[in-house]
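> dropping a prediction and its sequence here:
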Amino acid sequence: MRTAFAILTMTILSHSLFPSLAHAEVIYGKDNRLDVYESKNTLHRELSKSTAGMIHWGQLRSNSNSLYGIINSKSLEEKLNVCSSERFSKQPANVACSGFLVAPDILITAGHCLRASGVPDKTCEDFAWIFDYDLKSETHNPLINISKENIYECKEVLSTVLTPQLDYAIIKLHKKVVGRKPFKFRKSGKISDTASVVVIGHPSGLPTKISNSAKVLKNTELTMFTTNLDTFQGNSGSAVFDATSGVVEGILVQGKTDYVLSDPNNRRSCLQVATCDNEAGNCTGGIESGLIKWGEVAVRITEISSEIEEAISSSQD
């Protein structure tokens with residue numbers, strides 16, 4: 001997944017969640033993305049409850065005192081011209097970025113999700129954070145009957161950084177989130193070279209997906225590490241967890257190209273998911289440069305752990 005910087009800039013200016021072509025992450029080997037209801041891992045399903053999606057207020061409509069619906073929604077096929085044969089092509093694509101709780105009213109996401117317009121406070125004002133935006137069953141419609149208790153305002157951007165080495169934002173919500181457990185996160189050291197990892201978020205703006213069965217690929221960089229997680233633009237800001245302990249190890253920020261033309265000789269042909277092997281080689285999206293050559297990139301949570309703890313402490317005062 002490339003960063004959503006350019007994509008989100010267009011989002012904020014036009015209120016359109018995605019342009020016709022997205023560049024983000026990629027499938028490594030087998031596609032391991034699951035809808036939440038499909039996952040048999042109780043830990044991962046529990047972690048999904050404290051994962052949120054960033055959605056424009058203009059797409060949310062109050063149907064009653066306690067329920068919301070999502071309007072002007074388009075499917076992944078309609079939004080990005082993804083081929084109808086691709087997985088999840090018929091599902092709605094509405095979320096711009098992902099985020100996760102580290103305290104009842106403190107949420108972490110990628111810095112480029114807030115800084116794309118150059119005005120983080122404006123992005124804070126224009127976008128809401130929605131929890132439990134997932135499929136409860138194969139036939140469930142996630143666009144209707146959304147509880148008011150699952151939608152939160154961004155009250156304040158406490159910190160936002162976007163550099164070649166770091167990409168993160170710390171957000172204070174307008175009230176404490178109830179019924180959801182803030183995540184534990186690594187505060188020192190670094191993820192094991194042999195760790196299994198999982199990411200939970202909103203690939204291509206879809207309802208929550210759990211992507212598991214992945215590993216660390218490059219773990220020598222000071223502020224970042226890479227994995228072979230199956231993630232896409234929209235996953236930006238997702239927590240990268242140790243798959244066994246559920247401890248947050250990183251923030252997903254960028255990666256390889258998401259989609260390629262189904263017919264390379266026809267620029268109007270529909271898009272297919274780009275693929276690589278499990279070692280981030282033989283990619284149908286072509287050769288990438290920089291750290292994404294080695295897979296999907298995550299900022300080490302340890303790089304901002306002290307800042308997170310300070311934000312949590314201040315919030316409790």
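Thanks, I have the structure now.

> ranges for the helices of the chain?
Remark: helices assigned in the chain by DSSP state H are 5-14, 42-48, 76-80, 111-115, 120-126, 305-316.

> return the most buried member of the ones you listed.
Stretch with highest mean neighbour count among the helices of the chain: helix 111-115 (a mean of 26; mean count of other Cβ atoms under 10 Å). All C-beta atoms are positioned from the backbone trio N, CA, C, and that covers glycine.

> show me what it packs onto, helices and strands only.
In terms of contacts (3 or more Cβ pairs under 8 Å, 6 or more residues apart in numbering; DSSP states H and E), helix 111-115 is packed against helix 5-14, helix 120-126, strand 151-162, strand 167-173.

> just tell me which of the ones you listed ends up closest to residue 78.
Checking the helices and strands packed on helix 111-115 against residue 78 by Cβ to Cβ gives helix 5-14 as the closest, at 16.1 Å.

> let me see the mean pLDDT of that closest one.
Averaging pLDDT along helix 5-14 yields 36.

> likewise stretch 257-277?
Averaged across stretch 257-277, pLDDT comes to 95.

> sorry, back to before: which of the helices and strands packed on helix 111-115 sits closest to residue 282?
That would be helix 5-14 among these, by Cβ to Cβ, at 26.0 Å.

> distance of the residue positioned nearest the centre of the chain from residue 104?
Nearest to the mean C-alpha position of the chain, by Cα atoms, centre = their mean, lies residue 235 at 2.2 Å. Look at residue 235 and residue 104: by Cβ to Cβ, to the nearest Å, they are 24 Å apart.

> over to residue 277?
Taking Cβ to Cβ, one finds residue 277 at 41 Å from residue 104.

> between those two, who's got more neighbours?
Between residue 277 and residue 104, counted using other Cβ atoms under 10 Å, the more crowded position is residue 104 (17 against 11).

> wait, doesn't the more buried one sit right on residue 179?
No. The pair residue 104 and residue 179 does not pass the contact test of Cβ atoms under 8 Å, sitting 10.1 Å apart.

> now do the strands in the stretch 1-150 of the chain.
With DSSP state E, counting those that start in this stretch as the criterion, the stretch 1-150 of the chain has strands at 27-28, 33-35, 51-56, 60-62, 67-70, 97-103, 106-109, 127-131, 146-147.

> residue 167: which of those is closest?
Distance to residue 167, taken as Cβ to Cβ, is lowest for strand 106-109 among the strands of the stretch 1-150 of the chain, at 9.7 Å.

> which residues are in contact with that closest one?
For strand 106-109, the surrounding residues in contact (Cβ atoms under 8 Å, 6 or more residues apart in numbering) are 52, 54, 97-102, 129, 158, 168-173, 182, 236-237, 239, 251, 308, 311-312, 315.

> and that strand, which strands flank it?
The pairing partners recorded for strand 106-109 under DSSP bridges are strand 97-103 (antiparallel), strand 167-173 (antiparallel).

> any regions of the chain where pLDDT drops low?
1-25, 317 (pLDDT under 70).

> now the farthest one out in it, which residue is it?
Within the chain, the residue lying farthest from the chain centre (Cα atoms, centre = their mean) is residue 265, at 31.4 Å.

> for residue 77, see how far away it is.
From residue 265 across to residue 77, the span is 21 Å (Cβ to Cβ).

> same check, this time on residue 267
17 Å.

> residues near residue 67, how many?
Using other Cβ under 10 Å, residue 67 is surrounded by 13 other residues.

> and if you look at residue 219?
By other Cβ under 10 Å, the residues close to residue 219 number 17.

> wait, it sits on residue 189?
No. Taking contacts as Cβ under 8 Å, residue 219 lies outside contact range of residue 189: 11.5 Å.
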